[in-house]
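1. What follows is a predicted protein model with its sequence.
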Amino acid sequence: MTDTVAPGPHGAHEHDGESRRDFLTLAATAVTAVGAACAVWPLVTSMEPSEDVLAAGAPIDVDISKLEPGQQMIVLWRSRPVFIAHRTADELKTLQDPKETADLRDPDSNVMQQPDYAKNWHRSVKPEYLVVVGICTHLGCIPEFQPQPGSEGADWRGGYFCPCHGSRYDLAARVFQGVPAPYNLPVPPHHFVSDTMIRVGENPPNSTFDLNDVEQI
Amino acid sequence: MAEAKAQNKLVAWIDHRLPVFAYMKHELYEYPTPRNLSYWWNFGSLAGITLVIMILTGIILAMQYTPNTAMAFDSVERIMRDVRWGWLIRYIHMNGASFFFIVTYIHVFRGLYFGSYKYPRELLWMLGVVILLLMMATAFMGYVLPWGQMSFWGATVITNLFGAIPGIGNTIVTWLWGGFAVGNPTLNRFFSLHYLLPFIIVGVVMLHLLALHQHGSNNPLGIDRKGPQDSIPFHPYYTIKDTFGLSVYLLIFAAIVFYWPNLLGDPQNYIPANPLQTPPEIVPEWYLLPFYAILRSIPSKLIGVCAMFGSILTLFLLPWLDTSPVRSSFFRPVYKWVFWLLVIDVVLLGYVGAHRPEGFYIVLGRVCTLYYFVHFYVLFPLIGKFERPLPLPTSIAASVLAREGGGHAPQPAGVAERH
Amino acid sequence: MKIAAAFAVMLALALPAVAQEEAMPPLPHPGWSFDGVFGTYDRAALQRGFQIYSEVCSACHSMNLLHYGDLAALGYTDDEIKAIAAQKQVNDLDDQGNVVQRPARPADAFVAPYPNDKAARAAHNGALPPDLSLITKAREGGPDYVYGILTGFESAPANFKMQDGMSYNMHFPGHQIAMPQPLADNSVTFADGTQATLPQEAHDVVTFLQWAAEPKMEERKTTGAKVMLFLLVMTGLLYGAKRKIWADLHQHA
């Protein structure tokens, strides 16, 4: 159609009307877009761990009275395996041997894989008991406990061996050089409520360490 | 500016291979729409958006729901109590079903009043009836999922209907149940189908829109567009009007979801299903009540079932039952009042469906069921034949002019260039 | 106008029908802290109500959907909750795989009085005391109904035939309820010193039961206020934009 646009009475004020309309339309569009984003947000956030899942992740008390030196027990905390190993005096001596630490990637635990109270030569609260999350920092398999020297080859001084891709850790769960795993096994929050009871999942007083802050679980 | 050019280049690259942008521009932007659509024309887009809301909330709920009779009820309560924002997503989904039917029923009655089912939109109308049937099936199965008392007993009553089919009825019912009664196999398959059907609805909606765009929307005057002066581009006029309508709709929806979330529901469904205890009243959700009433008003099980399905299948025949030469009830002096009789009839049927079939309710139910079929099979054809329609306006633009007091029918800027 | 009327009727009919064959006395409406669009839960009433549930109702009625940790919403501290939970025993396995009992933890669900429905029925002449987790949402009349039941026990009228073991209740459908009157004046001694009259006890325990049925109610209403406000603003803006955009199609006189 070739009819012309009617010259409305608002012709003289058209510029005003247009800029007012533009602002109004812009405001309306912006508010609607914000509304749509806010509406989608609960849908996305509902996929986060729910309250019952979080409640099930409460700390657990582990009785270590029957754990003999040279033995390890495994408990589940937050659906992850946690190794509690009772180290012998000989094993502790090996850990302090400078020859031992020469082959390790991170002998001084400089990378944040443990709380401050486990940043020591035994990577734990008490030297006799190692508490680590038993998930290989390579791709997530569960490493085997091989404390016997020589059980994984002539040079083996005892430690953890991951069967999936051959990563090796010492008896303080520190990773060796030349293996695929990049980091030491992480140490979860834990402390001794008594000499025979370890509470896994709770820090000793005055520590606010959160396992989610480590480099790699 | 450089970004705009790159944007256009990317768009052009895609469009050359798969013309989505050109298609969207034509169907949603330039698309000529009658200039005189009233707010009764908002309800189609409201239904479409409600469908999207139902699918989004439904997918999220399905991540947390367990379709096993031992765990279903508790999994829904876990969503309400422990899942972040779970209570909101569940209440939106639950009330969204009711609102989906509210807007769809209004959309259907709009079609009845303005003759939107008549030539050339017969197929558009029939696709709509298919969508309605799919909605009813989806809603019915969805209501079973929380596994409350009404879920279980509603499922029992409705699946038992198929036993009315002579000969093979009982075999079909056993096959539907997957057992000797409604139970875990039934719940599992209803969950699977409840997840599937909405996507079938999406497909049929696309066909519905395809059919719509073939000839464009009807309008309150019921007369065809005669030229470009009768149309305006869909964007920005109807995009803003639909968005405004959506905002008003969301206000009402939000009021129900946040303040009266259980108003449209039945307290009995907060009791876990008990196969050994029938509730005092077995009542489907409100949007199925009129059909429930038709079912119960006929003393024979088989004929009752036929009447219930027949009442919906009748809708398919409307384009041929109606003999009126004129679409819109604005120009139909007799039918415009008879239309309201149908509305009252359907509301009364719903009222009957909510009560036990005793005494007064039986009589009312039968009268209303009879009227329903008389309305479509007797009044529709007869009124169309004998009614004298009012004279139609010459064109939509002329009518708009008459309404707004003389002079040119103003054109939006840019219409002059279009043809 | 007709449309509005039709709508009002349809909406009113959405409320499920309750067939009341005989005239029931109207339910009491004592008024609740959680009523209305700005309703909240009275924490003190919740704690008193929880005390009544623990001391009286939990002897027969389970509360399977609540966990002890949920009581944090009532204002109890972590240590108080641990102590409350530890008063109950739950089943666990020892190292030999035998079933042993251990104190409940905050993550555990409320311990039920009976191991299953059959045991519950056996202890009550075949009647099953319903789980109370959703009771105020599962009954027509909601909190007012439950309050009416708790305060509605009285002697049967002269010509009313009572079955054995049943009690007469004003508001229970059929007037015969299998539960003997559970609460009376001073059934409990409230920890906060509030006088324990029957209406007070009924009010507090129903407040607690409503919370148990809908712990997220306060969040729902406050979120609702924000959403409604936002939508009002958005609707206003969109209406203005709509008018402006359509303005050039209408000629002003």
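-> Alright, I've got the coordinates.

2. ok, residue B:363 - how many residues close by?
-> Residues near residue B:363, counting by other C-beta atoms under 10 Å in any protein chain shown, number 11. C-beta here means a position set from N, CA and C on the backbone, and glycine is covered the same way.

3. That should have said residue B:70, apologies.
-> Quick note: residue B:70 (other C-beta under 10 Å) scores 9 neighbours.

4. same thing with residue B:198?
-> Counted with other C-beta under 10 Å, residues neighbouring residue B:198 total 18.

5. Just the buried residues of the strand or helix carrying it, please?
-> According to DSSP states H and E, residue B:198 maps onto helix B:184-215. Under the neighbour-count criterion of 16 or more other C-beta atoms under 10 Å in any protein chain shown, helix B:184-215 has B:186-187, B:190-191, B:194-195, B:197-198, B:201, B:205, B:208, B:211-212 buried.

6. who does the helix or strand just after it pair up with?
-> Next along the chain after helix B:184-215, taking DSSP H and E as the criterion, comes strand B:231-233. Here strand B:231-233 is paired, per DSSP bridges, with strand B:32-34 (antiparallel).

7. Identify the residues contacting the single nearest residue of chain A relative to chain B.
-> Closest contact between chain A and chain B, by C-beta to the nearest C-beta, is at residue A:42 (3.7 Å). By C-beta atoms under 8 Å, 6 or more residues apart in numbering or on different chains, the contact set of residue A:42 is B:84-85, B:88-89.

8. Which of those fall in strands?
-> The members of the contacts of residue A:42 all map outside strands under DSSP state E.

9. thinking again about what came up before, secondary structure class of the residue of chain A closest to chain B, three-state.
-> Counting by DSSP: H, G, I helix; E, B strand; the rest coil, the backbone at residue A:42 sits in helix.

10. Quick check: the gap between it and residue A:192.
-> Using C-beta to C-beta, to the nearest Å, we find residue A:42 at a distance of 42 Å from residue A:192.

11. Find me the pLDDT at the residue nearest to residue C:33 when sequence neighbours are not counted, would you?
-> Excluding the flanking residues, the one nearest residue C:33 by C-beta to C-beta, 6 or more residues apart in numbering or on different chains is residue C:42, at 4.1 Å. On the pLDDT scale, residue C:42 is placed at 96.

12. Now for residue C:42, how many residues are close by?
-> Considering only other C-beta under 10 Å, residue C:42 is surrounded by 17 other residues.

13. how close does it get to residue C:55?
-> Between residue C:42 and residue C:55 the computed distance is 19 Å (C-beta to C-beta).

14. For burial, what's the neighbour tally of whichever residue of chain B sits closest to chain A?
-> Per C-beta to the nearest C-beta, residue B:85 is where chain B lies closest to chain A, at 3.7 Å. Residues near residue B:85, counting by other C-beta under 10 Å, number 20.

15. Over to residue C:117?
-> Residues near residue C:117, counting by other C-beta under 10 Å, number 14.

16. before we move on, what SS does residue A:130 have?
-> Counting by three-state DSSP, the backbone at residue A:130 sits in strand.

17. I'd guessed it sits against residue A:87; true?
-> Yes - between residue A:130 and residue A:87 there is a contact at 6.1 Å, judged by C-beta atoms under 8 Å.

18. Between these two, which contacts overlap?
-> Counting by C-beta under 8 Å, 6+ apart, the shared contacts of residue A:130 and residue A:87 are A:122, A:171.

19. Next one: residue B:336 relative to residue B:115, how far apart?
-> Separation of residue B:336 from residue B:115 (C-beta to C-beta): 11 Å.

20. Need the overlap of contacts for the two.
-> Common contacts of residue B:336 and residue B:115, defined by C-beta under 8 Å, 6+ apart, comprise residue B:329.

21. When these two are compared, which one has more neighbours?
-> More neighbours surround residue B:115 than the other of residue B:336 and residue B:115, with 23 against 15 (other C-beta under 10 Å).

22. Is it correct that the more buried one is in contact with residue B:218?
-> Yes - between residue B:115 and residue B:218 there is a contact under C-beta under 8 Å: 7.1 Å.

23. list the residues that contact both of the two?
-> With C-beta under 8 Å, 6+ apart as the test, residue B:115 and residue B:218 both reach residue B:327.

24. Please report how far residue B:42 lies from chain C.
-> 11 Å (C-beta to the nearest C-beta, to the nearest Å).

25. Nearest residue to that residue in space, please, no chain neighbours.
-> Taking C-beta to C-beta, 6+ apart as the measure, residue B:42 lies nearest to residue B:245, with 3.7 Å between them; neighbours along the chain are not counted.

26. For whichever residue of the stretch 101-250 of chain C sits closest to chain B, give me its contacts.
-> Relative to chain B, the nearest point of the stretch 101-250 of chain C is residue C:224 (2.7 Å; C-beta to the nearest C-beta). For residue C:224, the contact set (C-beta under 8 Å, 6+ apart) comprises B:254-255, B:257-259, C:37.

27. among the residues you listed, which two are most distant?
-> B:257 and C:37 (12.8 Å; C-beta to C-beta).

28. where does the stretch 151-253 of chain C have low pLDDT?
-> Residue ranges of the stretch 151-253 of chain C with pLDDT under 70: C:251-253.

29. run the last query once more with 90
-> Applying pLDDT under 90 to the stretch 151-253 of chain C flags residues C:158, C:248-253.

30. and it, which residues reach chain B?
-> Within the stretch 151-253 of chain C, the positions adjacent to chain B are C:173, C:213-216, C:219-221, C:223-224, C:227-228, C:231-232, C:234-235, C:238-239, C:241-242, C:245-246, C:248-251, C:253 by C-beta under 8 Å from any C-beta of the partner chain.

31. so how many other residues sit close to residue B:155?
-> Applying other C-beta under 10 Å, we find 24 residues neighbouring residue B:155.

32. buried residues in the helix or strand of chain A with the lowest mean pLDDT?
-> In chain A, no helix or strand scores lower on mean pLDDT, DSSP states H and E than helix A:98-102, which sits at a mean of 81. Within helix A:98-102, the residues that qualify as buried are A:100-101, counting by 16+ other C-beta under 10 Å.
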